[in-house]
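K.L.:
build me a model:
(2 chains)
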Amino acid sequence: MQKYPNPMNPSVVGVDVLDRHIDPSGKLHSHRLLSTEWGLLSIVKSIIGAARSKTYVQEHSVVDPVEKTMELQSTNISFTNMVSVDERLTYKPYPQDTEKTVLTQEAIITVKGVSLSSYLEGLMASTISSNANEG
Amino acid sequence: MNSIGEACTDMKREYDQCFNRWFAEKFLKGDSSGDPCIDLFKRYQQCVQKAVKEKEIPIEGLEFMGHSKEKPGGSS
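P.N.:
As a prediction, the model looks like this:
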């Protein structure tokens, strides 16, 4: 059985701001490029090449300083022929106590042309869900 | 946190420090006038653009240093 990369622990190893501007309504938009490193075994890295174990994600965020909200949307731009992970997060003040924040997170995951696709989708969905609970 | 381009990390850190200060002390307090970080950002951007090209990172639908286009719905 083919061993997939471990979907449990991608860690962000690089972040760059590609663009940043304030729109006419005063909200701050940022476009960022994130590079993540999968927790591949060193033997797998030596086979596929260490450079290929990096995946890239493009993130767009909007901060509204008046409403005190932040929205993030991120999409993978590597392996788009295999999988698409589109994640959206919103942070808003908690209505009953504005010292607290409500985080809403959703992810749309599409796995393309890979057998065991429904298994992988389920695995990724539960990973994102458990990571969301932690953070 | 490092930059994607190894050579850009120092410039990125300088820009990040400037931005974080402006963000906390000005922007979040309702003052979005002026951009004290523009020069740092330009230098840092030039480095990042070069790294993105060298590493052939497939960024689409984005203009550097300009108003970015709306993200298209779903990747192809």
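K.L.:
now the closest residue to chain A within chain B. Nearest residue, chain neighbours left out?
P.N.:
Closest to chain A within chain B is B:Ile4: 4.1 Å, counting by CB to the nearest CB. C-beta: built from backbone N, CA, C; applies to glycine. Leaving aside its sequence neighbours, B:Ile4 sits nearest to A:Gly14 (CB to CB, 6 or more residues apart in numbering or on different chains; 4.1 Å).
K.L.:
list the buried residues for the helix or strand hosting that neighbour?
P.N.:
Using DSSP states H and E, A:Gly14 sits within strand A:11-22. By 16 or more other CB atoms under 10 Å in any protein chain shown, the buried positions in strand A:11-22 come out as A:14-20.
K.L.:
would you map the helices across the chain?
P.N.:
Going with chain A. A:42-48, A:117-134 (DSSP state H).
K.L.:
that was the other one, I meant chain B.
P.N.:
B:9-25, B:38-54.
K.L.:
export the ones you listed to TSV and tack on distance to A:Trp38 and mean pLDDT?
P.N.:
Shown next, in TSV, are the helices of chain B (distance: least, CB to CB, whole Å; pLDDT from 0 to 100):
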stretch	distance to A:Trp38	mean pLDDT
helix B:9-25	22	95
helix B:38-54	20	94
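K.L.:
okay, those helices in a markdown table with distance to chain A next?
P.N.:
Shown next, in a markdown table, are these (distance: least, CB to the nearest CB, whole Å):
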| stretch | distance to chain A |
| --- | --- |
| helix B:9-25 | 7 |
| helix B:38-54 | 5 |
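K.L.:
ok so, going back, now do the strand holding A:Gly14 and helix B:9-25, the angle between them.
P.N.:
60 degrees (axes from the mean of the first three to the mean of the last three CA atoms, to 10 degrees).
K.L.:
now strand A:11-22 against helix B:38-54, angle please.
P.N.:
Using the same axes, to 10 degrees, strand A:11-22 lies at 130 degrees relative to helix B:38-54.
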